[in-house]
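Peer 1: just need the structure, nothing else, for what follows:
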Amino acid sequence: MSAASTREQRLAFVREFAQSSPYYQAMGTSLLELEEGRVLLRSGIQPSHMNAGGLLHGGVLPALADGAMGNALRTLNGEGAQILTAEMHLHYLRPVTSGSLLAEGRVVKSGRRLSFADVEIRDEESGATVARGSGVFIIEKKQP
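Peer 2: Numbering: from 1, shown residues only. Down below sits the predicted model:
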């Protein structure tokens, strides 16, 4: 099997993974772009994402960040590995009240057992960065 076909299989797996995710469907999240080591997710802010004060609930951003970084790693590992979040840091930079968010996940370093990624979440309309973060992920190879 050529490296190109393996690459295409990994990217196809990530596309299908994102499209079939019940969590992404519930969150209004979709995959906009992907390439090896990078993905861009879009999530439309829904009324159920807001806290009682009218701001985006603080738990929405880490969920989006985790998805962007995890899928960036899936582009390198495909369906042969389970990607498990070991640790994640997220810096909240500005409040969100409406609109849509773009989360760009990038692989920093991918190892056999541990991998590292970072994420930037932006307001789609203004382009302003609303959060930045990083994560450490465990890569567990699936048994055939």
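Peer 1: how about the helices in the protein?
Peer 2: 3-20, 22-27, 60-77 (DSSP state H).
Peer 1: how about TSV for these, with mean pLDDT and mean neighbour count added?
Peer 2: Backbone N, C-alpha and C define where each C-beta goes, glycine included. What follows is those, written out as TSV (pLDDT from 0 to 100; neighbours: other Cβ atoms under 10 Å):
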stretch	mean pLDDT	mean neighbour count
helix 3-20	88	14
helix 22-27	93	13
helix 60-77	97	23
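Peer 1: and of those helices, who's closest to Arg38?
Peer 2: helix 60-77 (5.6 Å; Cβ to Cβ).
Peer 1: on that earlier part again, mind putting the helices of the chain in a markdown table, distance to Glu104 included?
Peer 2: As requested, these are exported to a markdown table (distance: least, Cβ to Cβ, whole Å):
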| stretch | distance to Glu104 |
| --- | --- |
| helix 3-20 | 14 |
| helix 22-27 | 16 |
| helix 60-77 | 6 |
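Peer 1: wait, which of those helices is closest to Met88?
Peer 2: helix 60-77 (6.2 Å).
Peer 1: for Glu125, which of the helices of the chain is the nearest?
Peer 2: Using Cβ to Cβ, the nearest of the helices of the chain to Glu125 is helix 60-77, at 16.3 Å.
Peer 1: CA atoms of the closest one as PDB?
Peer 2: Extracted in PDB, the C-alpha atoms of helix 60-77 (Å, rounded to 0.1, in the frame of the first residue of the first chain):
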ATOM      1  CA  VAL A  60     -18.000  24.400  25.500                       C
ATOM      2  CA  LEU A  61     -14.600  25.600  24.700                       C
ATOM      3  CA  PRO A  62     -12.600  22.700  26.100                       C
ATOM      4  CA  ALA A  63     -14.900  20.200  24.300                       C
ATOM      5  CA  LEU A  64     -14.300  22.000  21.000                       C
ATOM      6  CA  ALA A  65     -10.500  22.300  21.800                       C
ATOM      7  CA  ASP A  66     -10.300  18.500  22.600                       C
ATOM      8  CA  GLY A  67     -12.100  17.600  19.400                       C
ATOM      9  CA  ALA A  68      -9.800  19.800  17.200                       C
ATOM     10  CA  MET A  69      -6.600  18.400  18.700                       C
ATOM     11  CA  GLY A  70      -7.800  14.800  18.800                       C
ATOM     12  CA  ASN A  71      -8.900  14.900  15.200                       C
ATOM     13  CA  ALA A  72      -5.600  16.500  14.200                       C
ATOM     14  CA  LEU A  73      -3.900  13.400  15.700                       C
ATOM     15  CA  ARG A  74      -6.300  11.100  14.000                       C
ATOM     16  CA  THR A  75      -5.100  12.400  10.700                       C
ATOM     17  CA  LEU A  76      -1.700  10.800  11.500                       C
ATOM     18  CA  ASN A  77      -3.000   7.600  13.200                       C
END
